[in-house]
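Engineer: sharing a model that was predicted from the sequence below.
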Amino acid sequence: MEAIKTMNLTKYYGKSRGVVELNLSVEEGEIFGFIGPNGAGKSTTIRMLLGLISPTSGRGRIFGKQIGQEKKEILRNIGYLPSEALFYSGMRVRDVLKLSADLRRMDCGEESKKLCGRLQLDLSRKVEELSFGNRKKVAIVCALQSRPRLLILDEPTGGLDPLMQREFFEIVRERNRDGATVFLSSHVLSEIQHNCTRAAIIREGKIIACDSVDALAKNNARRVTVHGSVDLSGLDGIRDMQEKADGGGTVSFLYSGEMKRLLQTLSAGQVTDLSVAEPDLEEIFMHYYEGAGNENEPGVKE
């Protein structure tokens with residue numbers, strides 16, 4: 001069963017484009033990444049899925065229910081973590097968590113206590129006294145304590161230190177192993193690469209690629225690093241050339257041409273060391289973005 005399905009989902013803010021003809025399919029039980037820089041349309045998509053804003057056109061379903069039309073039934077199954085969380089001032093952490101559980105008419109006390117322990121969250125603190133990272137922890141517990149079928153996480157690790165980020169994703173993977181679907185929106189590519197099975201890349205409100213993370217990271221390009229002196233001017237298939245100021249004549253580049261031609265060129269020079277490796281997801285991401293061109297359309301609203 002599809003946890004999320006969108007069909008030509010489109011949102012305009014007046015003349016400004018939010019997202020255009022978005023077609024996504026997220027299978028139940030997977031961790032799906034939604035990649036794009038700030039302003040690409042990630043949060044706009046999430047707000048439509050949650051029924052917080054209405055699409056200009058197109059349709060969407062969550063667990064088979066129509067977004068907007070069956071909002072109450074949809075939200076019962078969702079744990080939502082916004083990129084920035086705001087709480088009523090004067091409330092203590094334990095009060096915020098209880099209010100969140102009460103709104104769902106659930107007793108989440110035991111689960112809340114476990115999560116607060118793992119995230120090192122002080123229940124007695126007032127929310128206005130918390131740092132941004134600790135407010136994010138409160139929002140995480142609010143989203144997870146009801147053990148929902150679908151987790152929608154919008155830039156979830158902002159403000160968390162590296163240890164808390166690692167613990168957070170361990171919790172997310174545990175929930176996924178227990179059957180929860182995870183929709184992870186992020187511009188931190190390492191989070192997608194290390195935690196997701198599939199991902200979609202969004203640029204200026206449009207999906208420009210959607211595949212398994214392994215497939216997105218695989219293309220004909222290789223990251224080549226050469227130490228020494230060699231003339232690469234006649235070699236086709238080079239991009240992203242970087243010269244390193246190490247005094248040793250080191251150059252690094254992405255190469256998508258014939259490997260035989262590369263070896264011939266290198267053998268004609270004075271190469272002291274050579275490495276050839278798969279590019280990481282960040283380099284692939286930039287390849288998709290740079291390759292998409294500039295459509296000169298009105299600005300995106302996130």
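Structural biologist: Yep, it's here. This structure is a prediction, so every number in the text was calculated from the model and none was measured.

Engineer: where are the low-confidence patches of the stretch 201-302 of the chain?
Structural biologist: 217-220, 245-248, 278-302 (pLDDT under 70).

Engineer: how about the helices in it?
Structural biologist: Using DSSP state H, counting those that start in this stretch, the helices found in the stretch 201-302 of the chain span residues 213-217, 259-267, 281-292.

Engineer: surely Met91 is in contact with Lys126?
Structural biologist: Yes - in this structure, Met91 is within contact of Lys126 by C-beta atoms under 8 Å, at 7.0 Å. (Glycine included, C-beta is placed from N, CA and C.)

Engineer: need phi/psi at Phe169.
Structural biologist: phi -70, psi -30 (degrees, to the nearest 10).

Engineer: isn't it right next to Ser190, touching?
Structural biologist: No - if you go by C-beta under 8 Å, Phe169 and Ser190 don't touch, sitting 10.6 Å apart.

Engineer: compare those two (neighbour count), which wins?
Structural biologist: Higher neighbour count among Phe169 and Ser190: Phe169, with 19 against 12, using other C-beta atoms under 10 Å.

Engineer: how about that one, nearest residue that isn't a chain neighbour?
Structural biologist: Asn195 (5.6 Å; C-beta to C-beta, 6 or more residues apart in numbering).

Engineer: how deep is the one you found tucked in, by neighbour count?
Structural biologist: Around Asn195 there are 17 residues (other C-beta under 10 Å).

Engineer: who are the contact partners of it?
Structural biologist: 31, 33, 169, 172-173, 184 (C-beta atoms under 8 Å, 6 or more residues apart in numbering).

Engineer: swap in 7 Å and give it another go.
Structural biologist: 31, 169, 172-173, 184 (C-beta atoms under 7 Å, 6 or more residues apart in numbering).

Engineer: cool, and Met48?
Structural biologist: 9, 11, 55, 60, 67.

Engineer: try 10 Å this time
Structural biologist: 6, 9-11, 18-19, 22, 54-56, 58, 60, 67-68 (C-beta atoms under 10 Å, 6 or more residues apart in numbering).

Engineer: any idea how far Arg177 is from it?
Structural biologist: 29 Å (C-beta to C-beta, to the nearest Å).

Engineer: strands of the stretch 201-302 of the chain, start to end?
Structural biologist: Secondary structure of the stretch 201-302 of the chain, counting by DSSP state E, counting those that start in this stretch: strands at 206-212, 222-229, 238-244, 250-255, 270-277.

Engineer: return the most buried member of these.
Structural biologist: Highest mean neighbour count of the strands of the stretch 201-302 of the chain: strand 250-255, a mean of 19 (counted as mean count of other C-beta atoms under 10 Å).

Engineer: show me what that one is packed up against.
Structural biologist: Other elements packing on strand 250-255 under the criterion 3 or more C-beta pairs under 10 Å, 6 or more residues apart in numbering; DSSP states H and E are strand 222-229, strand 238-244, strand 270-277, helix 281-292.

Engineer: how does it look with 7 Å?
Structural biologist: Applying 3 or more C-beta pairs under 7 Å, 6 or more residues apart in numbering; DSSP states H and E, we find strand 250-255 packed against strand 222-229, strand 238-244.

Engineer: partners of the shortest one in the sheet?
Structural biologist: Looking back up the chat, that one is strand 238-244. strand 250-255 (antiparallel) (DSSP bridges).

Engineer: try the longest one
Structural biologist: Sheet pairing here is set by DSSP bridges, and for strand 222-229 it gives strand 250-255 (antiparallel), strand 270-277 (antiparallel).

Engineer: what about stretch 87-103, distance to the chain center?
Structural biologist: Centre-to-centre, stretch 87-103 and its host chain are 28 Å apart (C-alpha atoms, centre = their mean, to the nearest Å).

Engineer: with just CA atoms, put it into CSV.
Structural biologist: Output in CSV follows, covering the C-alpha atoms of stretch 87-103 (Å, rounded to 0.1, in the frame of the first residue of the first chain):
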residue,chain,number,x,y,z
PHE,A,87,5.1,26.4,22.0
TYR,A,88,2.9,28.3,24.4
SER,A,89,5.1,30.3,26.8
GLY,A,90,4.8,29.5,30.5
MET,A,91,4.4,25.8,29.9
ARG,A,92,6.9,23.2,31.1
VAL,A,93,8.1,20.5,28.8
ARG,A,94,6.0,17.8,30.6
ASP,A,95,2.9,20.0,30.1
VAL,A,96,3.6,20.4,26.3
LEU,A,97,4.0,16.7,25.9
LYS,A,98,0.8,15.9,27.8
LEU,A,99,-1.1,18.5,25.8
SER,A,100,0.1,16.9,22.6
ALA,A,101,-1.0,13.5,23.8
ASP,A,102,-4.3,14.8,25.1
LEU,A,103,-5.1,16.3,21.7
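
Engineer: cool, thanks, signing off.
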